[in-house]
Structures are given as C-alpha cells and as structure tokens.
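Peer 1: quick one, fold the following:
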Amino acid sequence: MSGFSQHKQRRMEVSNQATPNKKGNPYISLEASMGEELYNVSRVSPMRCIYRVPYRLRHVHENAYTPKLVSIGAFHHGNAALKPMEEHKMRYLKAFLDRSTLSLSGYILKIKAQEERLRSCYIEAIELDSDEFARIVLVDAAFIIEVLLRSYYGHLVDEDDCIFRRPRLIVDLLPDMLLLENQLPFFILEDLCPDFIDLSSGGTSERLSMVFLSLQLLYKITLLGIEGTVQENVVNIRSQQVKVKHLLDLLRTLLILPISKSQIRGTFQHFPSTTKLHQAGVKFKVGPSKNLFSIRFTDGILEIPKLTIMDNTELIMRNIVAYEQCEFPFELHVSAYVVTLDYFVDTVKNVELLVDSGIIKNCLCDNKEVSRLINSLSSGVALCNGEFYFSTVSKKLSKYCDVRWHKSIANLRQNYFNTPWRTISVVAAGTFLVLTFVQTVCSVISVA
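Peer 2: Below is the predicted model:
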C-alpha cells in the first residue's frame, strides 16, 4: 500500500473513531477535528535550508528579497510578474536535453526518486502535487545548469539567446539567483548535470563540476572579499568536506572559508565610531587581505580590507545575512561584520573618511547613499550572546580610545599641526614666546 493510501485510510479511521456522541461527550466533535489536525502536522525536516526571510529583516527593504525577473524553486512559482521568463526557461530546458545523454523521462524519474528529500529542504510544506513539483524542479534546475554552462563556455551562446545576448537579461537574472527564497538544493543540480557531455569548442568531452562552474559565476557577479582563485577554493571546499546546500550557501562559504575556529572567541562588544577613533588618533589603512573579516588593530593603526560597494552589494549582503540568521544562529560571522560596519559609520563624514582612506570603494558615487546602506544593513539583525568574531579588535579599540594621552596628541596633530602653514605658525609662536621669556630673564638678571 502506498504512503498516500495509508495516510487516507488513517484519516478515515480517525474520523470514524471520533463520531459525535453528544450524550457521552459534547466536545467529541472538536476533539475529532483537532485530532485530525494534529495527525496532519508535518515534521520539521533537519535538512531544511531554504527559508522565508524573517519579517524583522524583510520589512526594512522588501525589494532586496523579492525576485524581479525569474522564480527559482517553489516559493515564488506562479508569480504573474515573473511569468515572461518561463518561456526562456523552456528554451534552456530544450537545449539542455538536446546535449544530454539522458532522456526527458529519465530526468523526471531522477527527480521523482529525490522528491521527498527535495521537499524536506524547504522550511514549510510545499502545497503542490508530485507532478507539478517535479516539473518545477526539472525546469528550474536545467535553467540554472544552462546559465552556469553558458557563462563558462561562451561558444554555447548563440545569437538568439536573450539571456546572454540582446536584451542581455543576465544582468537582472544573476541577483535573483542569489535570493534566499529563490534557491534550489545544490544536490539536485549535481545529480542532473550530465557526467560526460561534449561542451568544449574542440569537440572533446570533459567532466563537469557544479561547484567549479558555480564559483566561476560568483566571481563574476560579486566583488565581495573572496580570497584565492576559483580552483584553490574548489580544493578548499573539497578538503574541508563542505556540503554545499545551494548557491547562496556557496557564496557565504567562500566568505567564511579563511576564518579559523581558534580565532573566534569572546562575546559581543560595542565598537567606537569612526569619529571617536579619529579623535583618539587612530589611523585608518586598507588591509592587505581580501578577506572581509581580516580587521586588525596594531600600534594605533586600524587595518580594514577594502569593501567595494556596487548596485547589487546591498541585495547580496542582505540575503547572506538573512540566510545566516536562519541557518547558522550560532555562527553569525557575516552578521557580525555588517553590525561592525554600522558601528564604524555614524555619519556621511565617516563614509568620506573611509573612502579617502581607500577602505570603501564607492561605485554608487553618493556617500550619503553608502551611509544609508551601511546603517540599514544591520537593522533587524540578531546576534547571539556567544562567540563574536571581532571581540578582540573591539576591546583593543575601546581601550585605546579611553587613554586621554592619545586624545590630547591627536587634538594637537589635527588642530595645530594638520597643515604645513599651521605647523610653521605654531613653531614660530612658540619660538617667540621662548625668546621673549629669555629676554625677560636676562633683563631681570642685568638689573639685579
């Protein structure tokens, strides 16, 4: 007997056992309905990795979490605004099947065999029948695979391709592929991607790696601090036995790979603002590392890795943070980074100081917009009371700012020795006072 038949029979048993009997128990009807509800409550899967964005984050900037061009997976399927893209998906599916060694029915069988596992990756039950769910997964998975292939193998793109040619929809498509609610489990991409297909322009076959192809794409669409080459990170991911859950998870993995477990210690600490740090004489310098987490403070010099802020930076950062808040509540490293940035930036002048120091590369042109972006990124972000990656740096900075001598020296440098002319004026005035004092002393001695 199938699972669906057993479930139906069980529901009939529950209904028959709870036939209303008002003489014996006037509440038996309520008991029956509640009993059936309890029986039908679905179990939360430990494999869940595709979430709805929490309201505390979504309401700050809803557009950053909502697809504009394409739906991927079940959450946004059927959205009328995204319907025009469905035809392009079918074109990509046709091309995918044409170059594959497996038939359409073969792919459907593969997805059906993984259906329970696929559904368990979503935080909530997907109210779609088996055929419709399999159809969505196949069309969307083939579409993602084709995008990855064509992004790497340029000769696969023909003149009729609307994604990579006119009107170049890839520009709007890529951000949609990194939305938390717009993900497909990575294992199904690996399972559906043909093992051997003829892709190279020379006519030779080669084995494909979905991690490699995905990294190639991520390197093109984000300028966030990613250490190492594509091939080095492929090796790192394999050596650390990282199980990639989806594209957004892969991007977060790239960012945190350089983090050492031994470095994570201490509880959350408040950071002094850039203004206070400047008043205490702290010097700002671009850090040599690409790794965003490599913030160092030594001998009055604060080194911060360069952050390039582009049009899609806010969307990418918000979705990584939203994913981290749901999936890694006790490993909130990217969340800690955006909170730290918020402490550094209080005003537009703080942004100007960081831009002048080369720490922020502002591709938005407007420093006021960068200030708004940084201040709003941490809105609604929750940090646990446990380990905070930047704890040591924050303690060092706070301790340095509390020393009055540092503030006094900084005040002299910034207000009296900040230009050559002011330095000359102060030195001249000091010399004049000294000479006047010497003359006065000499006069007193001669009179005596």
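Peer 1: against I295, how distant is the residue lying closest to S357 once chain neighbours are set aside?
Peer 2: In this structure, S357 finds its nearest non-sequential neighbour in F284, 4.1 Å apart by Cβ to Cβ, 6 or more residues apart in numbering. C-beta coordinates here come from the backbone N, C-alpha and C atoms, glycine included. According to Cβ to Cβ, to the nearest Å, F284 and I295 sit 11 Å apart.
Peer 1: now for these two: what residues contact both?
Peer 2: The contact sets of F284 and I295 overlap at 302, 304 (Cβ atoms under 8 Å, 6 or more residues apart in numbering).
Peer 1: neighbour-wise, which of these two wins?
Peer 2: Legend: neighbour count by other Cβ atoms under 10 Å for F284 and I295, higher for I295 (23 against 18).
Peer 1: wait, that one touches F390, no?
Peer 2: Yes. Using Cβ atoms under 8 Å, I295 is in contact with F390, at 6.2 Å.
Peer 1: what residues does stretch 73-84 touch?
Peer 2: Defining contact as Cβ under 8 Å, 6+ apart, one finds that stretch 73-84 is touched by 50, 52, 66-71, 122, 126, 128, 133, 136-137, 140, 181-184.
Peer 1: out of those, which sit inside helices?
Peer 2: Those of the contacts of stretch 73-84 mapping onto helices are 133, 136-137, 140, per DSSP state H.
Peer 1: stretch 70-78: end-to-end distance?
Peer 2: 10 Å (Cα to Cα, to the nearest Å).
Peer 1: picking up where we left off before, SS state for the residue nearest to S357?
Peer 2: With DSSP: H, G, I helix; E, B strand; the rest coil as the basis, F284 sits in strand.
Peer 1: so what's it up against?
Peer 2: F284 makes contacts with 274, 277-278, 302, 304, 353-354, 357, 359, as judged by Cβ under 8 Å, 6+ apart.
Peer 1: joint contacts of I295 and F390?
Peer 2: T340.
Peer 1: on that earlier part again, could you dump the ones in helices among the contacts of stretch 73-84 into TSV and include distance to I108 and pLDDT?
Peer 2: Below are these laid out as TSV (distance: Cβ to Cβ, whole Å; pLDDT from 0 to 100):
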residue	distance to I108	pLDDT
F133	11	98
I136	12	98
V137	10	98
D140	14	98
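Peer 1: among the residues you listed, which ones are buried?
Peer 2: 133, 136-137, 140 (16 or more other Cβ atoms under 10 Å).
Peer 1: so what's A95 closest to, chain neighbours aside?
Peer 2: Counting by Cβ to Cβ, 6+ apart, the residue nearest A95 is E146, at 6.2 Å.
Peer 1: what about that neighbour, helix or strand, and which?
Peer 2: helix 130-152 (DSSP states H and E).
Peer 1: can you point out the buried residues in that helix?
Peer 2: Going by 16+ other Cβ under 10 Å, helix 130-152 has these buried residues: 133-134, 136-152.
Peer 1: go on, stretch 57-67?
Peer 2: Neighbour-count burial for stretch 57-67 flags 57-58, 60-61, 64-67 (criterion: 16+ other Cβ under 10 Å).
Peer 1: do stretch 89-106 as well
Peer 2: 89, 92-93, 95-96, 100.
Peer 1: ditto for stretch 30-45
Peer 2: Result for stretch 30-45 [16+ other Cβ under 10 Å]: buried residues A32.
Peer 1: and T347, how far from L341?
Peer 2: Taking Cβ to Cβ, one finds T347 at 14 Å from L341.
Peer 1: same thing with P185?
Peer 2: P185 is 31 Å from L341, by Cβ to Cβ.
Peer 1: ok, now V282?
Peer 2: Per Cβ to Cβ, V282 is found 16 Å from L341.
Peer 1: tell me which residues in stretch 210-224 are buried?
Peer 2: Those would be 210-211, 213-215, 217-218, 221-224, for stretch 210-224 by 16+ other Cβ under 10 Å.
Peer 1: same question, stretch 232-248
Peer 2: Using 16+ other Cβ under 10 Å as the burial criterion, the residues of stretch 232-248 that qualify are 233-234, 236-237, 244-248.
Peer 1: what about those residues, which are in helices?
Peer 2: Using DSSP H, the buried residues of stretch 232-248 in helices are 233-234, 236-237, 247-248.
Peer 1: out of these, which comes closest to P46?
Peer 2: L248 (19.1 Å; Cβ to Cβ).
Peer 1: show me the contacts for that closest one.
Peer 2: 178-180, 183, 319-320, 323.
Peer 1: that one and S357: what is the separation?
Peer 2: 31 Å.
Peer 1: name the SS class of the residue most central in space within the chain, please.
Peer 2: In the chain, the residue lying closest to the centroid (Cα atoms, centre = their mean) is I320, at 2.0 Å. Per three-state DSSP, the local secondary structure of I320 is helix.
Peer 1: and the furthest pair within the buried residues of stretch 89-106?
Peer 2: Spanning the widest gap among these are K89 and S100, at 16.0 Å by Cβ to Cβ.
Peer 1: the residue nearest to I359 when sequence neighbours are not counted: neighbouring residues, count only.
Peer 2: Once flanking residues are discounted, I359 sits nearest to I304: 4.8 Å by Cβ to Cβ, 6+ apart. If you count neighbours by other Cβ under 10 Å, I304 ends up with 24.
Peer 1: contact partners for I304?
Peer 2: Shown in contact with I304 (Cβ under 8 Å, 6+ apart): 284-287, 295, 344, 354, 359.
Peer 1: do Y337 as well
Peer 2: Here Y337 is in contact with 292-293, 389-390 (Cβ under 8 Å, 6+ apart).
Peer 1: ditto for S378
Peer 2: 335, 338-339, 341-342.
Peer 1: pLDDT weak spots in this structure?
Peer 2: Within the chain, the ranges that satisfy pLDDT under 70 run 1-25, 194-208, 223, 260-265, 386, 405-439, 441, 444, 447-448.
Peer 1: all strands of it, in order?
Peer 2: In the chain, the strands defined using DSSP state E lie at 196-198, 205-207, 283-286, 296-298, 301-304, 307-309, 360-362.
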